[in-house]
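> just the structure for this:
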Amino acid sequence: MEAAMAVAPLAAVRRASSAVLEPAVHGTFDEALTRHGTEIYRFALHLTRNRPDADDLYQETALKAYRAWDRLPCDANHRAWLYRIASNTFLSDKRKSSRLRSLDADIAVETIPAASRDDDGRLDAGALLREVEHFIEALPAKQRVALVQRKYLDLGYAEIAVSLGCSEEAARRSVHEALKKLRGRFGDRI
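Modelled structure (predicted):
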């Protein structure tokens, strides 16, 4: 199923790049995207929480990677490099959308409702999962990216640091702060 998720975006990048690239460079870029594309798409899906936005993020990541491919050192870690491009693109889009948004129009949408308590101690697991997902979506962008990379994709802190363009200590702190907020909000229910 994961391979099927990345087929459409990958095919579009191949079509767009095949007319411009020389065969040797195209093969190398194509191999890197083929090797890591599904994982990057899954990361985009975790960040955006919907397929159309994940497709856009993946496509933009692939195009930025293609444009910068000839400047990439031969010994570069392609996986970390693609994660960094995807992370930076996501964070940049979040910053841009927050600047464009009216504070008055969205203030009610951005507030997180108070935790509801189930008197009987029985809470529908689906409802809890949706509440956790909404809470994660409301986390600051860097904490959200770091949490998704660590807990959903099982990346190490060094790789997270590379993708966020920060120190390993800052990556650990971002994951820690996100988890602390999650535990503070859901600690008694998860």
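
> looking at this structure, which helix is longest?
helix 23-48 (DSSP state H).

> relative to the whole chain's centre, how far out is that one?
Chain-centre distance of helix 23-48: 14 Å, with Cα atoms, centre = their mean, to the nearest Å.

> buried sites along it?
Going by neighbour count (16 or more other Cβ atoms under 10 Å), the buried part of helix 23-48 is 26, 29-30, 32-33, 36-48. For glycine as for every other residue, the C-beta is placed from the backbone atoms N, C-alpha and C.

> what about the helices in the chain?
2-18, 23-48, 51-68, 78-100, 103-110, 125-138, 141-147, 157-164, 168-186.

> just the buried residues of stretch 88-96, please?
For stretch 88-96, the neighbour count (16+ other Cβ under 10 Å) marks 88, 89, 90, 91, 93, 94 as buried.

> which pLDDT does the model give the nearest residue to residue 153 once chain neighbours are set aside?
Computed as Cβ to Cβ, 6 or more residues apart in numbering, the closest residue to residue 153 that is not its neighbour in sequence is residue 43, at 6.0 Å. pLDDT for residue 43: 93.

> from here on, call the first residue 400.
Got it, the first residue is 400 from now on, which makes the last one we talked about residue 442.

> OK, contacts around the residue most central in space within the chain?
Centrality entry for the chain: nearest residue to the mean C-alpha point is residue 446, 3.7 Å, by Cα atoms, centre = their mean. Counting by Cβ atoms under 8 Å, 6 or more residues apart in numbering, residue 446 touches 453, 456, 485, 489, 543, 544, 547.

> one more: residue 563?
483, 486, 541, 544, 545, 569, 570, 573.

> most neighbours out of those residues, which is it?
Neighbour counts for the contacts of residue 563 (other Cβ atoms under 10 Å) peak at residue 545, which has 30 neighbours.

> list the residues that contact that one.
Residues near residue 545 by Cβ under 8 Å, 6+ apart: 559, 563, 570, 573, 574, 577.

> again, only using 6 Å
When contacts are counted by Cβ atoms under 6 Å, 6 or more residues apart in numbering, residue 545 touches 559, 570, 573, 574.

> one step back: mean pLDDT for the helices of the chain: which is lowest?
Of all the helices of the chain, helix 401-417 has the smallest average pLDDT, which comes to a mean of 44.
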